[in-house]
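Chemist: Just a sequence and a predicted model for now, questions to come.
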Amino acid sequence: MKRRSSRHSEEQTSEIDMTPMLDIVFIMLIFFIVTTSFVKESGIDVNRPSAQTATRKEQGNIIVGIKANGDVWIDKRQVDIRAVRANVARLHAEQPLGSVVIAADKDTRVSVLTKVMDQIRMAGITNASIATETESQ
């Protein structure tokens, strides 16, 4: 009795069809592109202060910018401090899962920052964050 070489038959059956996996990858790519939330910027560049305890927060959909001279910017337009509450409430209604991030210049007066934070809290948002740079050690 002669034994057949089983090695030859294993090589023929070891091919894997990659087409279904590629289909799934493309479907997932399309899903992630469609469900991506877009960040609304404040419309100004600020020189943020640094902090040792800074953590990265990925989903910050409502950004309130405060310049060093006290100007407040939301959604690429300047607003009065008294209008922050209405603007934040409107943007929060559009993005209920988004958080509020205050990007204040490091030379901003604390009184202006406090007034903006009060307006945000009066809009019903209690978990507003302040954007900082991570401090290098």
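Modeler: The structure has been received and is ready for your questions.
Chemist: In the chain, what helix or strand scores lowest on average pLDDT?
Modeler: helix 6-13 (a mean of 56; mean pLDDT, DSSP states H and E).
Chemist: Check which element follows that one along the chain.
Modeler: Going down the chain from helix 6-13, the next helix or strand is helix 19-34, by DSSP states H and E.
Chemist: Now do that following helix: distance to the chain's middle.
Modeler: Relative to its chain's centre, helix 19-34 lies at 23 Å (C-alpha atoms, centre = their mean, to the nearest Å).
Chemist: Alpha carbons only: can I get it in PDB?
Modeler: Only the C-alpha atoms of helix 19-34 are listed here, as PDB (Å, rounded to 0.1, in the frame of the first residue of the first chain):
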ATOM      1  CA  THR A  19     -14.000  39.300  -0.100                       C
ATOM      2  CA  PRO A  20     -16.600  39.000   2.800                       C
ATOM      3  CA  MET A  21     -14.100  40.600   5.200                       C
ATOM      4  CA  LEU A  22     -13.400  43.500   2.900                       C
ATOM      5  CA  ASP A  23     -17.100  44.000   2.400                       C
ATOM      6  CA  ILE A  24     -17.600  44.300   6.200                       C
ATOM      7  CA  VAL A  25     -14.600  46.700   6.500                       C
ATOM      8  CA  PHE A  26     -16.100  49.000   3.900                       C
ATOM      9  CA  ILE A  27     -19.500  48.900   5.500                       C
ATOM     10  CA  MET A  28     -18.000  49.800   8.900                       C
ATOM     11  CA  LEU A  29     -16.000  52.600   7.300                       C
ATOM     12  CA  ILE A  30     -19.200  54.100   5.700                       C
ATOM     13  CA  PHE A  31     -21.000  53.700   9.000                       C
ATOM     14  CA  PHE A  32     -18.300  55.600  10.900                       C
ATOM     15  CA  ILE A  33     -18.200  58.400   8.300                       C
ATOM     16  CA  VAL A  34     -22.000  58.800   8.400                       C
END
